[in-house]
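1. Sequence and predicted model, in that order:
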Amino acid sequence: MDEPLKVEAGVKVRDHIDLIEEPETFSYHQFFHQYMIGNSPCLFSSKFTESWGSRRSWVSADNEPNWNHLLRNFGDAAVPVANCDVKEYNANPKEQVPLREYIEYWRECRENASPSPRGCLYMKDWHMQREYPDHDVYETPEYFSSDWLNEYWDAVAVDDYRFVYMGPAGSWTPFHADVFRSYSWSANICGRKKWLLFPPGQEEHLRDCHGNLPYDVTSAALQDPDLYPDCQKCCPPIEVTQEAGEIIFVPSGWHHQVYNVIDTISINHNWVNGCNVAVMWQFLQRELTAVQQEIAEWKDTMDGWDLHCQVIMKSCTGINYREFYAFLKMIAQRRFEALETTAVDVPAEERMAPGPRHAVFDLQKIADVLSALIDNGDFQKLDVETLDPPPKQLLRQLKTAIAQKSPA
């Protein structure tokens, strides 16, 4: 029996999540309210990526990776390669190799039709866009364009959260939730992936008797009630098959495990905006608490213990409380600038696309999180009045701008 169609035009259910079929009939307003605010996953059909340069040049006539094009344009790039056969904590160890060496390995696997003595290698987290900004590879869809993470890290020229993944059939990513509990989107340039998705909170049932999350949620060990006492309480995962050209949206805090069913290339972004910045703030508080518990025995004997906790937190997560403030401040300042040159008296029925109404929404969400940050005891220990501007001053500026610019 066919799965039931959704009421909305151009949206149907596939693999128990919504499939968005037509770019012409699906608005940013719909995505904003139903999926970002609703924190609900969905798939976008291949029609949303058919204009991308990579869908033409990175794929051969038989829908396989175009090795020659990749070698010609990126062969000397140093790329991170993970060994899927080796567990290192709850991830895989990585090494940097030239892309041409990785493609040589991949081709040998295909030709020999047997496992390589080097293991199952998966090229992941390659910052291709940062290294090759002038190549016509893809365009970020409008639905994902309110992207504070990459807006901030582009401005400070330190990092970005835009990645290319390439892997043979059988390569996979262990069970995890995304950095900062951000949103992510992942587009298959070619190939097919299988996703196992768990709604937020379900992962707590999958902790072992020591409190650790599993490395592989398909492992038979999870059926051992002595080792995983609450596993039977967990709902079954949502299993999604993602085909070539399709984009999957993974919301905040959804743990997942992902397999390349056949040879696959994908483009992935992690991003945060006003819809989930509060989730990022909650995640950072949990991470700091974990660090504090880990080195609690030195609290009374270590000078600057609170600062040491922030240093360790940054090394583990990539950000600490002072940088989180800098992140909020920069996004706020950019929204101030946008509102100075743009009117906000737009019709109420206009879609919530990135623009003046979105800027006001962003400022309100920044103000909400900044207010909580200012009241946080650990933040107050960091000599915050030396920040420029002081956090309370920035909060006053936010409230003033919101009051002046909010549409009637």
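-> Happy to help now that I have it.
2. got a pLDDT number for the residue minimising distance to the centre of the chain?
-> In the chain, the residue lying closest to the centroid (Cα atoms, centre = their mean) is Asn270, at 2.7 Å. Reported pLDDT at Asn270 in the predicted model: 98.
3. which residues touch the strand or helix carrying it?
-> If you go by DSSP states H and E, Asn270 is part of strand 264-271. With contacts defined as Cβ atoms under 8 Å, 6 or more residues apart in numbering, strand 264-271 is touched by 54, 58-59, 65, 137-138, 140, 144, 146-150, 161-167, 169, 171, 178-180, 182-193. Every C-beta, even on glycine, is put in place using the N, C-alpha and C of the backbone.
4. Now, of those residues, which are buried?
-> 54, 58-59, 65, 137-138, 140, 144, 146-150, 161-167, 171, 178-180, 182-193 (16 or more other Cβ atoms under 10 Å).
5. gap between stretch 255-264 and the chain center?
-> In terms of Cα atoms, centre = their mean, to the nearest Å, the centre of stretch 255-264 is set 16 Å apart from its chain centre.
6. which of the residues in that stretch are buried?
-> So, applying 16+ other Cβ under 10 Å, buried residues of stretch 255-264: His255, His256, Gln257, Val258, Tyr259, Asn260, Asp263, Thr264.
7. which of the residues you listed lies closest to Leu284?
-> His255 (18.1 Å; Cβ to Cβ).
8. beta partners for the closest one?
-> Phe198 (DSSP bridges).
9. measure the residue of the chain most remote from its centre to His308 for me?
-> Using Cα atoms, centre = their mean, the residue of the chain lying farthest from its centre is Thr301. It sits 38.4 Å away. Distance of Thr301 to His308, given as Cβ to Cβ, to the nearest Å: 12 Å.
10. Then Ser252?
-> Separation of Ser252 from His308 (Cβ to Cβ): 29 Å.
11. neighbour count winner among those two?
-> Ser252 (23 against 16; other Cβ atoms under 10 Å).
12. need the contact list for that one.
-> So Ser252 contacts Asn39, Asp178, Arg181, Ser182, Tyr183, Pro200, Asn276, Val279, Met280 (Cβ under 8 Å, 6+ apart).
13. in the helix or strand of the chain with the lowest mean pLDDT, what counts as buried?
-> Scoring the helices and strands of the chain by mean pLDDT, DSSP states H and E places strand 11-14 at the bottom, with a mean of 89. In terms of neighbour count (16+ other Cβ under 10 Å), strand 11-14 has its buried residues at Val11, Lys12.
14. And that strand, how far out from the chain middle?
-> Using Cα atoms, centre = their mean, the offset of strand 11-14 from its chain centre is 23 Å.
15. cool, and stretch 61-74?
-> Distance, centroid of stretch 61-74 to centroid of chain: 26 Å (Cα atoms, centre = their mean).
16. CA-only coordinates of it, as PDB, when you get a sec.
-> Listed next in PDB are the C-alpha coordinates belonging to stretch 61-74 (Å, rounded to 0.1, in the frame of the first residue of the first chain):
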ATOM      1  CA  ALA A  61      27.500   8.800 -17.000                       C
ATOM      2  CA  ASP A  62      26.700   5.600 -15.100                       C
ATOM      3  CA  ASN A  63      26.100   7.500 -11.900                       C
ATOM      4  CA  GLU A  64      29.400   6.600 -10.300                       C
ATOM      5  CA  PRO A  65      32.000   9.000  -8.900                       C
ATOM      6  CA  ASN A  66      33.900  10.700 -11.700                       C
ATOM      7  CA  TRP A  67      37.400   9.800 -10.600                       C
ATOM      8  CA  ASN A  68      39.100  11.600 -13.400                       C
ATOM      9  CA  HIS A  69      37.400  14.900 -12.700                       C
ATOM     10  CA  LEU A  70      38.200  14.600  -9.000                       C
ATOM     11  CA  LEU A  71      41.800  13.800  -9.600                       C
ATOM     12  CA  ARG A  72      42.300  16.500 -12.100                       C
ATOM     13  CA  ASN A  73      40.800  19.200  -9.900                       C
ATOM     14  CA  PHE A  74      41.600  18.100  -6.300                       C
END
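17. in it, what's buried?
-> So for stretch 61-74, counting by 16+ other Cβ under 10 Å, buried means Pro65, Asn66, Trp67, Leu70, Asn73, Phe74.
18. Let's have those in JSON lines, adding pLDDT and distance to Trp126.
-> Compiled in JSON lines, these are given as follows (pLDDT from 0 to 100; distance: Cβ to Cβ, whole Å):
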{"residue": "Pro65", "pLDDT": "97", "distance to Trp126": "14"}
{"residue": "Asn66", "pLDDT": "97", "distance to Trp126": "16"}
{"residue": "Trp67", "pLDDT": "95", "distance to Trp126": "16"}
{"residue": "Leu70", "pLDDT": "97", "distance to Trp126": "11"}
{"residue": "Asn73", "pLDDT": "97", "distance to Trp126": "13"}
{"residue": "Phe74", "pLDDT": "98", "distance to Trp126": "9"}
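19. what's the farthest-apart pair in those residues?
-> Of all pairs drawn from the buried residues of stretch 61-74, the greatest distance, 12.7 Å, lies between Pro65 and Asn73 (Cβ to Cβ).
20. Now for these two: what residues contact both?
-> Counting by Cβ under 8 Å, 6+ apart, nothing touches both Pro65 and Asn73.
21. Quick check: can you list the domain ranges of the chain?
-> 53-199+235-271, 277-405 (automatic domain parsing).
22. weakest of these in terms of mean pLDDT?
-> Among these, domain 277-405 scores lowest, with a mean of 91.
23. What's the end-to-end length of that domain?
-> Domain 277-405 has an end-to-end distance of 21 Å (Cα to Cα, to the nearest Å).
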